[in-house]
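> Could you work out the structure for the sequence below:
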Amino acid sequence: MQIYMVGGAVRDKLLGRPVNDHDWVVVGATPEQMLELGYLPVGRDFPVFLHPDTREEYALARTERKSGRGYRGFVVESSPDVTLEEDLSRRDLTINAIATSAYEISAGGIFDPYFGAKDIEARVLRHVTDAFREDPVRILRVARFAARFTDFTVAPETMQLMREMVQHGEADHLVAERVWQELARGLMEEKPSRMFEVLRECGALQVLLPEVARLWGVPQRAEYHPEVDTGVHLMMVLDMAARLQAPLTVRFACLAHDLGKGTTATDVLPRHIGHEERSAELLKDVAERLRVPVDCRETADVVAREHGHIHRSHELSAAALVRLLERCDAIRKPERFADILLACECDARGRLGFEESAYPQRQRLAAVLAAVQSVVTRDIAARAAAKGMSGPQVGTLIHQARVEAVAQWTGNNNAT
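Model prediction:
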């Protein structure tokens, strides 16, 4: 039995990046031997075990044989006869197909049959073998790694292979959960725009997210969007979200906020009247298709519908501000409203020449919400009940009190 550290831990060590997780491959062992040593079985589709002390994953060396379409269409074979090189050959990229038998990693102490270390030096994302084409999830992984390693480029032969996979329909068989998993991880990388650029270049974006793909080439009004192209704007918004270290809910909302612009009638371009409602409708389809988590889809829905009103909130009266907060459910869900405001800031600053601009709407609406929250609704309800009032009548009184609180705040702060 021989144990090797493989994959991302080795890659990140060679890159000088922090190593957070270790993956291990065991060569020359059987499942029975692993159990005798106290390892805990956790693999459902192939033999993976947890170390009895560290709880890190140890996988028996294995090979894979294509048996159908999609990423599930594989027969996994594991035996003590499978070599380390055979195990590494089934991996996606050369930079992930490096192994070492020691914790201390150096260029001279690695097992690197596919020259991943050279590709790390050259900053290239390159597939290991032609077996890459057997798993369409690898298209998404390459795009995600491009978003993480921003100074890496995709090897031309790998990009061509990805195009062929899309053309042959492999991307059509991706399972929603895996698409969302990779998409979510890519959105959280250092430069998420690169993920979508790679997917667009190989043709996979049109298959997986046609609502996003159609945004390129759609013009916008130059006085609001100096970058003009809607797709370019979207990429700038996503990168601004990464720059501001936004959570996933915000980044997904940024991705979906302008989907409706892709369906604007050509005779009214570059105006996009009513795109907010169209964006919300398209978002429903995307969220259902990819099984997007509820918190992400709900935040994105509000941002899609209300980002224009939030941008122009400095023009609203006290009554209109309270109605805006009510539509955003800000009073009941203030934490989510903070995410909504952050997404709107990403949208406003994701434009050419506006990257360093302030977005006072965010702080102002947070203050307006605080003014609304200062209204003690319990006291209002008690006084109303003493007068025999109930139901909608109480709601009206509370709403009026909130409007008065906002009016007083705006007056004290010289706001209009």
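> any idea whether the closest residue to Thr63 other than its chain neighbours is helix, strand or coil?
Distances taken as Cβ to Cβ, 6 or more residues apart in numbering place Glu77 nearest to Thr63, at 5.0 Å, with adjacent residues excluded. For every residue, glycine as well, the C-beta is placed using N, CA and C. Secondary structure for Glu77, judged by DSSP: H, G, I helix; E, B strand; the rest coil, is strand.
> Now do Glu77: how many residues are near it, please.
13 (other Cβ atoms under 10 Å).
> go on, the one 10 residues further on?
When counting by other Cβ under 10 Å, one arrives at 23 neighbours for Asp87.
> This protein - how does it break down into domains?
With domains defined by automatic domain parsing, the chain comprises 1-121, 235-370, 374-412.
> quick one, which of those is nearest to Glu177?
Closest approach to Glu177 among these is made by domain 235-370 (6.2 Å; Cβ to Cβ).
> which secondary structure elements does the helix or strand where Leu397 lies contact?
Element membership of Leu397 [criterion: DSSP states H and E] is helix 392-412. Here helix 392-412 touches helix 318-327, helix 360-373, helix 377-386, going by 3 or more Cβ pairs under 8 Å, 6 or more residues apart in numbering; DSSP states H and E.
> what does it rub up against?
318-319, 321-322, 326, 367-368, 371-372, 374-375, 377, 380-381, 384-385, 389, 415-416 (Cβ atoms under 8 Å, 6 or more residues apart in numbering).
> filter these to the buried ones?
318, 321-322, 368, 371-372, 375, 380-381, 384, 415 (16 or more other Cβ atoms under 10 Å).
> Sort out which one of those lies nearest Met240 for me.
Lowest distance from Met240 to those (Cβ to Cβ) belongs to Val368, with 23.5 Å.
> got a list of what the closest one touches?
321, 325, 406, 409-410.
> what ranges of the stretch 51-200 of the chain fall below the confidence cut-off?
Filtered on pLDDT under 70, the stretch 51-200 of the chain yields the residue ranges 65-76, 102-108.
> in the stretch 101-250 of the chain, which spans are strands?
124-125, 153-154 (DSSP state E, counting those that start in this stretch).
> Run through the residues that contact Gln2.
26-28, 84, 101.
> Buried ones only from the residues you listed, please, as a ChimeraX command.
Burial among the contacts of Gln2 is assessed by 16+ other Cβ under 10 Å; the matching ChimeraX selection reads:
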select :26,27,28,84
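> what's the most buried one of the strands of the stretch 101-250 of the chain?
strand 124-125 (a mean of 21; mean count of other Cβ atoms under 10 Å).
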